[in-house]
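Colleague: sequence and predicted structure are below.
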Amino acid sequence: MKIVIVGGVAGGATAAARLRRLDEQAEIVVFERSGYISYANCGLPYYIGGVITDPAELTLQTPESFWRRFRIDMRVRHEVTAIHPDRKTVEVRKLDTGDAFEEHYDKLLLSPGAKPVRPEIPGLNLDRLFTLRTVEDALRIRAFVEQARPKSAVLAGGGFIGLETAENLRELGLEVTIVQRPRQLMNPFDPEMAAFLHAAMREKGVKLLLGRTVEGFEKAGDGVCVRLKGEEPLTAGMAILAIGVTPDTALAKAAGLELGVKNSIAVNDRMETSIPDIYAVGDAVQVRQFVTGENALISLAGPANRQGRIAADNICGGDSRYTGSQGSSVIKVFGQTAAVTGVNERTAKKAGIACDKVYLSPANHAGYYPGGKLMTMKVLFEQGTYRLLGAQIVGCEGVDKRIDVLATAIRTGMTALELKELDLAYAPPYSSAKDPVNMAGFLIENLAEGVIRQFHWEEIDALPQDGSVTRLDVRTPMEYSRGHVEGFVNIPVDELRERLGELDAQKPVYVMCQSGLRSYLACRILSQEGFACWNFAGGYRLYESVCLDRRAAAQAFPCGMDRP
């Protein structure tokens, strides 16, 4: 059996190695358009910033090492230009010589990946405008930074690559500005959680121009001019276009393969395309969103590797199935870590799922052990069934551990109520006896049993202003004096029992504290004294983060422009 693979990075390289482990006799040929195989896309920004010093560390394998270990014919700088399913051949062009030839296959695996989005705007060919997708791209950017010594950079786009590149350029001393059309960075996060990321970027001096549209690029002396819609342009020493990626599926389309979401390649759960003996994996394929069941495009390294393994199994006569992607991911943002799994609130509602949410602000380990730092957790679940839908966490140490636990819970079909039953490892340097994941389960159980009712940050402005409700802040007077929501009166929780006479038992009480814990305790006191009570989810800490973020975004807009 002869197997041809188009693309030798994550999915293609994984499939090739798995194929050899399953079939020692198969002839396996891999065509890779770039000069590198099996490289770490996610490590490219860290090479630009000098965190990774040796470019060889970006590549997990070379064509030579692949041949020595697996006897697989890896051909770099070879571009597949056409697929002929009727005669089971692909057309190939050698990029170094221009020579072309046809290669026969019995089974074909497509792993072309994705390519940077390049909108139809002027100036995309400027020598100081870059994209970052391949090792060659990273080498060019690092060489430019070392040789030209630019003092500033503008990044168009605020996704994973945009943030990681911005951080690394900032660490090199460049003035960095991120411009993008959406009003927030990192689309997988909900706005209130993205606000913590915005604060982390601004604290390190990265300028955020959100809600802007880049209309083009022009040469400006020794720099580049970035034209923005409706306002003055920006000038910088370099610019990077990182507004996203799109499936690289021109080959598949021309060959008549069925396409799906955003022109991705439609595959079944065996990674088979609409044409027999042709498989596809990675960033170019349509997958099932594990939580919603809807077709989606989820470009991540983990799913691509698993898909490559599944395709290889099936090519060799097995019956492996891909059950869907839930979008688990994590990113370093200077000293912060942000992670997400499942769907966010916006996606859940768009899919017609009635969802609820809880917020927590636990420390990453036991409070009595030195060095603890707060994290902010948002856990989403379906109303009524308590099915886990997703989670978002922003903090420092321990974020990755908790998101992985929650991702596993979603994958295994646990309900949000079952989080309280998880038996998780504990020692003071690592966690608390009641782990943050357990705490999320306890909180959701309280909601389910009617022990507590809650209201959210987006409902603050809608609270009646006519005196028909009581708005209560139960933090200390010092905390209250440092900042509070207008109209909330201050009675510290430790004084509440003695001061109940100051409250009207006929009025509903909306209670706030710093994180949601003391206000919960206050609600328990009030509820048992006959008050109708609602706890503010996430506390003043969350509310203040959202307000500060909106204020910073509004100040970045010139007079007369629309505010976020």
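Modeller: Perfect, I can see it now. Residues are numbered from 1 along each chain as shown.

Colleague: and stretch 410-423, which residues are buried?
Modeller: Ile410, Arg411, Met414, Thr415, Ala416, Leu417, Glu418, Leu419, Lys420, Leu422 (16 or more other CB atoms under 10 Å). In short, each C-beta sits where N, CA and C put it, glycine included.

Colleague: now these as a markdown table including distance to Glu164 and pLDDT?
Modeller: Output for these, formatted as a markdown table (distance: CB to CB, whole Å; pLDDT from 0 to 100):
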| residue | distance to Glu164 | pLDDT |
| --- | --- | --- |
| Ile410 | 25 | 98 |
| Arg411 | 26 | 97 |
| Met414 | 31 | 97 |
| Thr415 | 35 | 98 |
| Ala416 | 31 | 98 |
| Leu417 | 36 | 98 |
| Glu418 | 35 | 98 |
| Leu419 | 30 | 98 |
| Lys420 | 35 | 97 |
| Leu422 | 31 | 97 |
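
Colleague: now, the residues you listed that are in helices?
Modeller: With DSSP state H as the criterion, helices contain Ile410, Arg411 from among those.

Colleague: out of the buried residues of stretch 410-423, who's nearest Val76?
Modeller: Nearest to Val76 among the buried residues of stretch 410-423, counting by CB to CB, is Arg411 at 35.7 Å.

Colleague: please tell me how far the closest one sits from Gly35.
Modeller: 37 Å (CB to CB, to the nearest Å).

Colleague: do the same with Leu58
Modeller: Separation of Leu58 from Gly35 (CB to CB) stands at 12 Å.

Colleague: comparing the two, which shows the higher neighbour count?
Modeller: Neighbour tally, Leu58 and Gly35, criterion other CB atoms under 10 Å: the higher count belongs to Leu58, 20 against 16.

Colleague: any idea how far Leu496 is from that one?
Modeller: Distance from Leu58 to Leu496, by CB to CB: 58 Å.

Colleague: got it, and Leu447?
Modeller: 22 Å.

Colleague: can you check Val261 too?
Modeller: Distance from Val261 to Leu496, by CB to CB: 53 Å.

Colleague: who's more crowded, these two?
Modeller: Between Val261 and Leu496, counted using other CB under 10 Å, Leu496 has the larger neighbour count: 20 against 15.

Colleague: now do the same for that one: its pLDDT.
Modeller: On the pLDDT scale, Leu496 is placed at 98.

Colleague: that one reaches Asp473, doesn't it?
Modeller: No: at 11.3 Å, Leu496 does not count as touching Asp473 under the criterion of CB atoms under 8 Å.

Colleague: can you list the weak-confidence ranges in the stretch 251-400 of the chain?
Modeller: Scanning the stretch 251-400 of the chain for pLDDT under 70 picks out nothing.

Colleague: and stretch 214-232, which residues are buried?
Modeller: Within stretch 214-232, the residues scored as buried using 16+ other CB under 10 Å are Val214, Gly216, Phe217, Ala220, Gly223, Val224, Cys225, Val226, Arg227, Leu228.

Colleague: need those in CSV with pLDDT, can you?
Modeller: What follows is the buried residues of stretch 214-232, written out as CSV (pLDDT from 0 to 100):
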residue, pLDDT
Val214, 94
Gly216, 94
Phe217, 95
Ala220, 92
Gly223, 94
Val224, 96
Cys225, 96
Val226, 96
Arg227, 95
Leu228, 95
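
Colleague: please enumerate the strands of the stretch 1-150 of the chain.
Modeller: Applying DSSP state E, counting those that start in this stretch to the stretch 1-150 of the chain gives strands spanning 2-6, 27-32, 73-76, 78-84, 89-94, 100-104, 107-110, 114-116, 129-130.

Colleague: may I have the phi/psi pair for Val489?
Modeller: phi -90, psi 150 (degrees, to the nearest 10).

Colleague: going forward, count from 179.
Modeller: Got it, first residue is 179 now, which makes that one Val667.

Colleague: so what's it up against?
Modeller: Thr648, Arg649, Leu650, Asp651 (CB atoms under 8 Å, 6 or more residues apart in numbering).

Colleague: count the residues that sit near the first one.
Modeller: Burial measure for Thr648: 22 neighbouring residues, criterion other CB under 10 Å.

Colleague: now the phi/psi pair for it, please.
Modeller: Dihedral angles (degrees, to the nearest 10) for Thr648: phi -100, psi 130.

Colleague: same check on the last one?
Modeller: Note on Asp651: backbone dihedrals following degrees, to the nearest 10 are phi -110, psi 120.

Colleague: now do the same contact list for the nearest residue to it once chain neighbours are set aside.
Modeller: In space, and not counting its chain neighbours, Asp651 is closest to Phe666: 4.2 Å by CB to CB, 6 or more residues apart in numbering. Counting by CB under 8 Å, 6+ apart, Phe666 touches Arg649, Leu650, Asp651, Met690.

Colleague: was I right about the last one contacting Val663?
Modeller: Yes: taking contacts as CB under 8 Å, Met690 lies within contact range of Val663: 6.7 Å.

Colleague: the two: which is more packed in?
Modeller: Each of Met690 and Val663 has its neighbours counted (other CB under 10 Å); Met690 has more, 28 against 18.

Colleague: what's the pLDDT at Pro742?
Modeller: 27.

Colleague: and Lys579, that one's in a helix?
Modeller: Yes: per DSSP: H, G, I helix; E, B strand; the rest coil, Lys579 lies within a helix segment.

Colleague: gap between it and Glu393?
Modeller: 43 Å.

Colleague: burial of Val689, as a residue count?
Modeller: Other residues within reach of Val689, judged by other CB under 10 Å, total 29.

Colleague: so who does it touch?
Modeller: The contact partners of Val689, taken as CB under 8 Å, 6+ apart, are Leu650, Asp651, Val652, Ser697, Ala700, Cys701, Leu704, Cys711, Trp712, Asn713, Phe714.

Colleague: roughly how far does the third one sit from Ala710?
Modeller: When distances are taken as CB to CB, Val652 and Ala710 turn out to be 16 Å apart.

Colleague: more neighbours, these two?
Modeller: Val652 (27 against 16).

Colleague: circling back: quick one, which of the contacts of Val689 are buried?
Modeller: Those of the contacts of Val689 that meet the buried threshold are Leu650, Asp651, Val652, Ser697, Ala700, Cys701, Leu704, Cys711, Trp712, Asn713, Phe714, by 16+ other CB under 10 Å.
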